[in-house]
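In: let's see this in three dimensions:
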Amino acid sequence: MVKLKTSRGVITISSDVFTTLVGDAATSCFGVKGMAMRSVSDGLVHLLKPEAMGKGVHIGYGEDYVIIELHIIVDQGVNIPVLCGSIMSEVKYKVTDATGVDVRSVDVFVDSISLD
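Out: Numbering: from 1, shown residues only. Model (predicted):
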């Protein structure tokens, strides 16, 4: 959670807000198949359903900033460096715009490529 102090009191923003914003921003970028999660039991990467995309997002907190890490599956044939740059920009913009919290870094991990 992030706590923002204002002249009228304290605003607390929960983890769910950040994971929803990040997941929505990332999956709206062209070439992203969806969010990913590596299974502990079999070690395979699984495509997450839209309602569970928060499992592919990890948020680190500072006093007045967040650090974002997200795991994605991309479509075959996309330019991965360009796509990741686009995701980083989109995530940082949407999170900062919606919450006013500084985003220190956005780390994108491409866990798999979808062949269908």
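In: residues contacting the spatially most central residue of the chain?
Out: Per Cα atoms, centre = their mean, the C-alpha nearest to the average position across the chain is that of residue 22, at 3.6 Å. Applying Cβ atoms under 8 Å, 6 or more residues apart in numbering to residue 22 gives the contacts 57, 59, 68, 70, 91, 94, 95. (Each C-beta comes from the backbone N, C-alpha and C, glycine too.)
In: state the pLDDT value of the first one.
Out: So that's residue 57. Per-residue pLDDT puts residue 57 at 91.
In: hang on, it packs against residue 70?
Out: Yes: the pair residue 57 and residue 70 qualifies as a contact (Cβ atoms under 8 Å) at a distance of 5.0 Å.
In: what about the two, which has more around it?
Out: A side-by-side neighbour count of residue 57 and residue 70, using other Cβ atoms under 10 Å, places residue 70 first with 27 against 23.
In: show me where pLDDT drops low in the chain?
Out: Judged against pLDDT under 70, the low-scoring parts of the chain cover residues 40, 43.
In: the longest helix in it is where?
Out: Of all the segments of type helix in the chain, defined by DSSP state H, the longest one is helix 80-99.
In: the helix or strand just after it vs helix 80-99, what angle?
Out: Tracing the chain past helix 80-99, the next element assigned as helix or strand by DSSP states H and E is strand 102-114. Relative orientation of strand 102-114 with respect to helix 80-99: 140 degrees, computed using axes from the mean of the first three to the mean of the last three Cα atoms, to 10 degrees.
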